[in-house]
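J.: Predicted model, plus sequence, below.
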Amino acid sequence: MTAAPPLLSIEGVSHRFAGLQALRDVSFCVRAGEMLALIGPNGAGKTTLLNILAGSLRPTEGTVRFRGRAIEGQPPHRINRLGIARTFQSLELFPSLAVRENVMAGGVARAGVGPLASALGWPTAPRARLALERAAEAHLRLVGLEHRGDEAAAVLPAGQQRLLAVARALATGGECLLLDEPGAGLNPAEKARLAEVIARLPGEGKTLIFVEHDMTLVGWLAERIVVLDHGELIAEGTPEAVRGDPRVVRAYLGEPGAVPARTSGPCATPLAETRPPADPLLVVKDVDVAYGGLRALQGVSLEVYPSEIVALVGANGAGKSTLLRAISRMVPLEGGAILWDGDSVGARSAEAMVRAGLSHVPEGRQLYPSLTVWDNLALGHYSRVFPDGNLVRRVLRRHRWRDDIRARAEEVFALFPILRERRAQRAGTLSGGEGQMLAMGRALMSAPRLLMLDEPSLGLAPQVTREIMGRLVRLREEGLTILLVEQNARAALEIADRGYVLETGRVVATGSGRQLLRDPEIAHAYLGRPTDRLPAGPFPDSTRATGP
Amino acid sequence: MAWSLAWRLLLGVGLAAIPLSGSAYLTNLLTVIALHALPAIGLSLLMGYTGQISIGHAAFYGLGAYGSALLALRGGVDPWLGIPLAATMVALVAWGLGWLIFRLRGHHLAVATLGLGIIVYVALVELRAWTGGPNGLSGIPPLRLFGRALDTDFRFYPLAWGACLAGAAMAGNLIRAPVGLAMRAVRESERAAASLGVDVAALKRRVFVVSAIYASVAGGLYAHYIGYVSPQPFGVVFSIRLIVMVAVGGFANVGGALFGAAFVTVAGEVLQGLGHYDVMGFGLTLVLVMVLLPGGLPQLLRRLSVRLREARS
């Protein structure tokens, strides 16, 4: 077995996006029939690597060999025809096509009947279609969806949509399958069902490479794990070995002592222990959020008091970003309530929340890349220039808003001096750390009362993360309230007054930052419990429909 | 798309009854509907099934008409040969444009076809030596069958509808074939289609060529039916009318495109009283259909039939 050449070999692959080294000299091999998991914290480069293997991206450097042939840089459809099929994190099903047609589409590229022959009604066309239908039926049976073939793909619940995506990839006949987060957003029963289907594939002669955040699922399936962090391969081995590897634990939870702990000044004692009788600025009460059939948050409650840092930590897909979006009114609530300053925000729009003093720095920064740093900052002031959102009135009634912008920008520059130097530069040319500073600066331009940050350390080097966390401490000492979402749990909890741990849409632990840092629950939320095993015997059958 | 037998029968009986009624006006109107339905069906393949927008299909119609007319007038080519020759030329133009455009993503096709439409229209007006300028070309010979010229409404009618129904049948074959599934996959998600081995750019280009051929053949038939062509009917306004036909028909619906062509052509007769303002009427129709009936008039009929059934039970 070891003598056989690898099916897929990744040789010194590097990839740069503008200002971001997404992958650096990654090399490893995959044997035929193997189940390999690709894990790593958010922004580690896993999806980038998958996109390179599938042909969606051309690596800046390095070679990818499939059955000994270099394939890097070929377009996706050609890579697929060589025998590599993929699924997407966002599924990319054909929503208005029937379930069966979705799977049939996996085989159309190989049907080999051209448009002319088809239009003229050549008998090969209906024959090819029949063959596709039969093959689709077999693949649907394999994933247990044969009874839903005629329904539109869009109406399937999330678990079945993931299974459908796997069936569609199988229908291409590819022997190497790349699965991008197959378990994302599934409940435990659906995950078990998916694991059962996937576990059967090597027996069908398939080789699997999958990106996954749910370490339980990884533990069930993977024979070998490759761990990426900041674009580099930091560990490779069996699930047990990798889970115990201190480098991996550090990559997920952050470096201990990476952030200067606050030992002096008014914040030395976390507010949670000596809270003045102030009213909370923000209250989240029993909030439920769902995307389509996918439960993102279930009964989540939390409070944020004035002038404290609250950290929200948990693995990818736990619902952290969704909670921030729910608070800033960008996703609707299914249940529960959000109170701002004691009032329900039920009827307010996202813009109204910004005017009320809420500022949200989204994941991935969302800068305006073709505008200058200064213009990005000025746009952050928009809600102050048009406090009632009325553009016409503002244009007619001249206002000294230029002076306001300058005054606010000075404060931002005092916090992030590098932005003053880069003032005339386009935001798209900034490095990752500068971009994050600009995103924070832009959010501060609206003079918020509560600053919400989503993954500020995403894709940043440890010393830059340290700098950013230090600025947050300073802002909080100046009286700002901060709600921080972080994958880098250690960095966040070290500066936080209080923290909440989210796991699959629920709060599983809460306490002061220090308490949580010592809590084993956190490591479990990120890396799974060591006792996790694929449940033996009959699988819960909850993903099957109960009938039409 | 699945036409019930009843609808087919109704259509067949209706089409046969029109010329038998002896009304030259109705026969002419129905012939024009057939010649509009053909490019509308082609456009439905492109827009409805493949999700690519063309705002210049009148150009292919016009090139087909002028091409076949010039072949007959200047080269003495028999129209039976001239129409496919012109269609081949149009197919090459569409292939070239598709080759340029489909390497890019997004709505470039809409802008490029709009440009093509304008270029072709201006060329038809300005290349006087060839096209006769704004006066157009007259004296285009009619098609002849068994020694008889198909030069009256009653004689041309069966040919127009034969071509139209053959076109509809071929479009139906295409959609039911694996290629049709690939087209719909491209419409829903190009990324996913490519990941399944579909060469998205090549497929779009092929469908674009097919839909241009539909327009070109209809244009050729039109030229030899009317016997006279001028640039005016081949402007952007006709392209927009074609889009309205496809929209009214519910986009991804071959039978619907036929229905949409009938609706728009009849509406054109009704709106003639508005003169040049009839375009506003079509624009308004397009907006109303998009907002109220994204599935087109077939959606309205389906809703009505559901209501009827509910009322009965």
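T.: Arrived safely, thanks for sending.
J.: In contact with the closest residue to B:Ala182 other than its chain neighbours, which residues?
T.: Closest residue in space to B:Ala182, ignoring its immediate chain neighbours: A:Val108 at 4.3 Å, by C-beta to C-beta, 6 or more residues apart in numbering or on different chains. Where you see a C-beta, it was placed from the backbone N, CA and C, and this is true even at glycine. Contacts for A:Val108 (C-beta atoms under 8 Å, 6 or more residues apart in numbering or on different chains) come out as A:Leu132, B:Pro178, B:Val179, B:Leu181, B:Ala182, B:Ala185, B:Leu196, B:Val198.
J.: could you point out where chain B is predicted with low confidence?
T.: For chain B, applying pLDDT under 70 flags the ranges B:1-3, B:105-106.
J.: Tell me which stretches of it form strands.
T.: All strands of chain B, identified by DSSP state E, fall at B:137-138, B:144-145, B:148-149, B:228-229.
J.: would you turn these into JSON lines with mean neighbour count and distance to A:Asp279?
T.: Shown next, in JSON lines, are the strands of chain B (neighbours: other C-beta atoms under 10 Å in any protein chain shown; distance: least, C-beta to C-beta, whole Å):
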{"stretch": "strand B:137-138", "mean neighbour count": "18", "distance to A:Asp279": "84"}
{"stretch": "strand B:144-145", "mean neighbour count": "13", "distance to A:Asp279": "90"}
{"stretch": "strand B:148-149", "mean neighbour count": "12", "distance to A:Asp279": "92"}
{"stretch": "strand B:228-229", "mean neighbour count": "20", "distance to A:Asp279": "79"}
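J.: What is the neighbour count of B:Gly295?
T.: Counted with other C-beta atoms under 10 Å in any protein chain shown, the neighbours of B:Gly295 add up to 17.
J.: From B:Val306, how far off is the nearest residue to it once chain neighbours are set aside?
T.: In space, and not counting its chain neighbours, B:Gly295 is closest to B:Gly250: 4.8 Å by C-beta to C-beta, 6+ apart. From B:Gly250 over to B:Val306 the distance is 16 Å, taken as C-beta to C-beta, to the nearest Å.
J.: Of those two, which one has the most company?
T.: Counted by other C-beta under 10 Å, B:Gly250 and B:Val306 do not tie: B:Gly250 has more neighbours, with 26 against 10.
J.: Can you report phi and psi for the more buried one?
T.: phi 90, psi 30 (degrees, to the nearest 10).
J.: dump the residue contacts of it.
T.: Counting by C-beta under 8 Å, 6+ apart, B:Gly250 touches B:Gly48, B:Gly256, B:Gly260, B:Gly295, B:Gly296, B:Leu297, B:Pro298, B:Gln299.
J.: next one: B:Ile83
T.: So B:Ile83 contacts B:Gly64, B:Ser68, B:Val217, B:Gly220, B:Leu221, B:His224 (C-beta under 8 Å, 6+ apart).
J.: I'd like to know how far it sits from A:Leu116.
T.: According to C-beta to C-beta, B:Ile83 stands 18 Å off from A:Leu116.
J.: repeat for B:Gly147
T.: Per C-beta to C-beta, B:Gly147 is found 32 Å from A:Leu116.
J.: Of those two, which one has the most company?
T.: With neighbours defined as other C-beta under 10 Å, B:Gly147 and A:Leu116 compare such that A:Leu116 has more, 13 against 5.
J.: And the more buried one, how close does it get to B:Met183?
T.: From A:Leu116 across to B:Met183, the span is 14 Å (C-beta to C-beta).
J.: do A:Ile79 as well
T.: Distance from A:Ile79 to B:Met183, by C-beta to C-beta: 22 Å.
J.: do the same with B:Leu26
T.: Separation of B:Leu26 from B:Met183 (C-beta to C-beta) stands at 36 Å.
J.: which one of those two has more residues nearby?
T.: More crowded of B:Leu26 and B:Met183, by other C-beta under 10 Å: B:Met183, with 28 against 15.
J.: biggest helix in chain A by residues?
T.: As assigned by DSSP state H, the longest helix anywhere in chain A is helix A:124-143.
J.: ok, and what's touching it?
T.: Residues from elsewhere that reach helix A:124-143 (C-beta under 8 Å, 6+ apart): A:99-101, A:103-104, A:106-108, A:111-113, A:117-118, A:146, A:148-149, A:163-164, A:166-168, A:170-171, A:197, A:200, B:173, B:176-179, B:181.
J.: ok, how many other residues are close to the nearest residue to B:Gln272 once chain neighbours are set aside?
T.: Counting by C-beta to C-beta, 6+ apart, the nearest residue to B:Gln272 once its immediate chain neighbours are dropped is B:Asp278, at 6.7 Å. As a burial measure, B:Asp278 scores 18 neighbours (other C-beta under 10 Å).
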